[in-house]
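Visitor: this one's structure only:
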Ligand code: GLY
Ligand code: MN
Ligand code: MN
């Protein structure tokens, strides 16, 4: 057996998947990467591999498929683009099957051109198939054609898989608990993104345009080695902060307004996801100060609940309790906080949840409930803590709070001892933000 050099977390993950498949009776797993997408004539969108494929391989090129066979012998096979001098002159380096075997720790690799011809024989006589169907019609067509061809040989004694397993069910659970390799990348993605937010704070002042601040973020991401943001950056001043997925980023910022920035880089396939809200003129004041204080208190309350054994929902419940009481104190809600929580009245001002799993996908893989119950936190989970408050104008809303939108979002890793935050490199406290903005 070939051992990858350096030791490969990817090969380890493939072995764990194979062990799971064996325990379920064996069979074959087939995982394709994402297709390239044309942007307009002759140019493509920046390429990003499929998360599941990349999780299992670390292989960055398009037109590739992993096949893993869990039988009497275990086989790890990669199909990838063949070497091609002419194509490589125009489009860049290809590993090619030979180098890919060694470099990415596969037992065998074959040119992608042979995939459709080889797949029927790979499927033949396997008890089960693990893949994802009904997500990509082109993939469905290829798998079904291969199954049909394998079945055509039934008089030759061939059997075809009797069961198809949704492979995401296994991979999503694996991805939910991060390994050391992933944590190291995510910590770094958090540091780069925090540096970008610090730079954005320094660069913000009245009369600048949102996209000028977005440009600062992008520069720091790229200079840190990130190929692109993990999601479209939100740079939302004044009323735009109350539009949750605002990405136009083209408004001139005015004195006396807040700026909400939700931005994180992607690094080696992993996302950071940070939000900060701060005054355009560098001084927290008036109702914005009061509301910021409240969201910060909710952020602290939620952060304090991140530790193994607590249910997934505990930080959310803590944030909602603080926010609801505060909204009553500020005159934005009327009634007893318990009743307002019970009735969901706080949702008028806080309409999203306090977090989501974070990993290769910004809203990462993994179930939030198991058997109908919020799942307990375990070491290795990574997620966001992101309470917020968004006040749209309304007859029954004190005008002083109109158009204020605030969110404070951090990224946390559950450790055996409690937690580690990856995003503490950018301040949350008002005096610290003000000091940074004076620099
Ligand atoms: N930036 C997306 C989110 O915070 O969920
Ligand atoms: Mn988020
Ligand atoms: Mn975010």
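Guide: Now that the structure is in, tell me what you want to look at. Since this is a predicted model, take the numbers as computed values, not measurements. Ligands and ions are numbered 1, 2, ... in the order given.

Visitor: now tell me what touches stretch 235-249 from outside.
Guide: With C-beta atoms under 8 Å, 6 or more residues apart in numbering as the contact definition, stretch 235-249 has outside contacts at 200, 210-211, 213-214, 217, 232-234, 251, 253-254, 257-263, 277, 280, 351-352, 390-392, 403-406. For every residue, glycine as well, the C-beta is placed using N, CA and C.

Visitor: my guess is residue 425 contacts residue 189, does it?
Guide: No - the criterion here is C-beta atoms under 8 Å, and residue 425 misses it with residue 189 at 11.5 Å.

Visitor: hey, where'd the helices end up in the stretch 201-350 of the chain?
Guide: 210-223, 286-303, 314-329, 337-343 (DSSP state H, counting those that start in this stretch).

Visitor: out of these, which one sits most buried?
Guide: Mean neighbours per residue, mean count of other C-beta atoms under 10 Å, is largest over those for helix 314-329, with a mean of 21.

Visitor: of residue 425 and residue 189, which one has the most company?
Guide: residue 189 (30 against 16; other C-beta atoms under 10 Å).

Visitor: pretty sure the more buried one is in a helix, no?
Guide: Yes - checked against DSSP: H, G, I helix; E, B strand; the rest coil, residue 189 lies within a helix.

Visitor: quick check: it touching residue 274?
Guide: No - if you go by C-beta under 8 Å, residue 189 and residue 274 don't touch, sitting 9.9 Å apart.

Visitor: picking that back up, and the helices of the stretch 201-350 of the chain as CSV, adding distance to ligand 1 and mean pLDDT?
Guide: Below are the helices of the stretch 201-350 of the chain laid out as CSV (distance: least, C-beta to the nearest ligand atom, whole Å; pLDDT from 0 to 100):
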stretch, distance to ligand 1, mean pLDDT
helix 210-223, 13, 98
helix 286-303, 13, 98
helix 314-329, 14, 98
helix 337-343, 22, 98
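
Visitor: just to revisit the earlier point, between residue 189 and residue 274, what contacts are shared?
Guide: Listed as contacting both residue 189 and residue 274 by C-beta under 8 Å, 6+ apart are residue 264.

Visitor: quick one: stretch 159-172 to chain centroid distance?
Guide: Put simply, stretch 159-172 sits 24 Å off its chain's centre (C-alpha atoms, centre = their mean, to the nearest Å).

Visitor: what's the end-to-end length of that stretch?
Guide: By C-alpha to C-alpha, to the nearest Å, the extent of stretch 159-172 from end to end equals 29 Å.

Visitor: now stretch 306-318
Guide: Criterion C-alpha to C-alpha; first-to-last residue distance in stretch 306-318 is 11 Å.

Visitor: go on, stretch 234-252?
Guide: OK, stretch 234-252 end separation, C-alpha to C-alpha: 14 Å.

Visitor: okay, now the unreliable bits of this protein?
Guide: In the predicted model, the chain carries pLDDT under 70 at residues 1-7.

Visitor: what residue is smack in the middle of it?
Guide: With distances taken as C-alpha atoms, centre = their mean, the residue of the chain nearest its centroid is residue 362 (1.9 Å).

Visitor: wait, that residue sits on residue 262?
Guide: No - the criterion here is C-beta under 8 Å, and residue 362 misses it with residue 262 at 10.3 Å.

Visitor: circling back: confirm the residue nearest to the centre of the chain sits in a strand?
Guide: No - using three-state DSSP, the assignment for residue 362 is coil, not a strand.

Visitor: any idea how far it is from ligand 2?
Guide: 7 Å (C-beta to the ion, to the nearest Å).

Visitor: bridging residues for the residue nearest to that residue when sequence neighbours are not counted?
Guide: Leaving aside its sequence neighbours, residue 362 sits nearest to residue 271 (C-beta to C-beta, 6 or more residues apart in numbering; 4.3 Å). Counting by DSSP bridges, residue 271 forms beta bridges with residue 266.

Visitor: with residue 111 instead?
Guide: residue 80.

Visitor: next, count neighbours for it.
Guide: Look at residue 111: counted by other C-beta under 10 Å, it has 17 neighbours.

Visitor: pretty sure it sits against residue 78.
Guide: No - applying C-beta under 8 Å, one finds residue 111 not in contact with residue 78, separated by 10.4 Å.
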